[in-house]
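Peer 1: here is the input, now give the coordinates:
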Amino acid sequence: MFYEPGKTAHNLPHDPFKACVAPRPIGWISTVDTDGRPNLAPYSFFNAVHGKPPMVMFSSAGSMDSLANARATGEFVAAVAPKSMLREINFCSSPLPHGEDEFEYAGLEKLPAKCVKPHLIKGVPIHMECEVFQIVDLPSENPEKPCAMVIGTVVGLHIDDAIIRDGMVDITLFEPLARLGYQEYASISETFTVRREDFWK
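Peer 2: Residues are numbered from 1 along each chain as shown. The predicted structure is shown next:
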């Protein structure tokens, strides 16, 4: 099949685009507003974008508090969402009234960060404390609900010692969640090693 997004129909029951870019890691984004009120929301448009310095991004579609807070304060924390906390992650995607605390709603305990004001999440093995590097405005079908990509420089990285094995982070010890297409999810529970030079011989 072939279609031109926005121009021609794909003739499928659901938009296939997100299923074609999968799996996508889920970033659990913690922010605070200018009054210090916390916000916590999961984003499946999330990824690393640079290594030196380490940088990550999340993309917000519509009028989300995470985007507004990141714009206003210049800070956020990106947590890597583990499979064991799927229930709490789902709770944090609920459309709560502005200013309501998703940590409390989901029964999560806040932990202090070291370099930024947004909180860490107790029980999550990886957190990246970030300072906003750039916010890129993206097209939106509704001008009242802006979309944007928030790029942050990682200024502090927390890794639970329990997931370090033989000097390396072993993601199979906490099974990070990933988003597929539609309402489908996956988790990483198995990995394999490929050495590029093995193919050059």
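
Peer 1: was I right to think residue 190 contacts residue 172?
Peer 2: Yes. Between residue 190 and residue 172 a contact is recorded at 6.5 Å, counting by Cβ atoms under 8 Å. Bear in mind the C-beta positions are built from the backbone N, C-alpha and C, glycine included.

Peer 1: so between those two, which is more surrounded?
Peer 2: The neighbour count for residue 190 versus residue 172, taken as other Cβ atoms under 10 Å, is higher for residue 172 (13 against 7).

Peer 1: phi first, then psi, for that one.
Peer 2: Main-chain torsions, residue 172, degrees, to the nearest 10: phi -70, psi -10.

Peer 1: tell me how far the longest helix anywhere in the chain is from the chain's mean position?
Peer 2: Determined from DSSP state H, the single longest helix within the chain is helix 65-73. Centroid separation between helix 65-73 and its chain, computed with Cα atoms, centre = their mean, to the nearest Å, is 15 Å.

Peer 1: ok, and the closest non-adjacent residue to the residue nearest to the spatial centre of the chain?
Peer 2: Nearest to the mean C-alpha position of the chain, by Cα atoms, centre = their mean, lies residue 27 at 1.6 Å. Distance criterion Cβ to Cβ, 6 or more residues apart in numbering; nearest residue to residue 27, sequence neighbours excluded, is residue 46 at 3.1 Å.

Peer 1: return the distance of that neighbour relative to residue 59.
Peer 2: In this view, residue 46 and residue 59 are 7 Å apart by Cβ to Cβ, to the nearest Å.

Peer 1: who has more neighbours, the two?
Peer 2: Ranked by neighbour count (other Cβ under 10 Å), residue 46 and residue 59 place residue 46 first, with 21 against 18.

Peer 1: pLDDT at the more buried one, what is it?
Peer 2: We have a pLDDT of 97 for residue 46.

Peer 1: which residues does it form a beta bridge with?
Peer 2: residue 58 (DSSP bridges).
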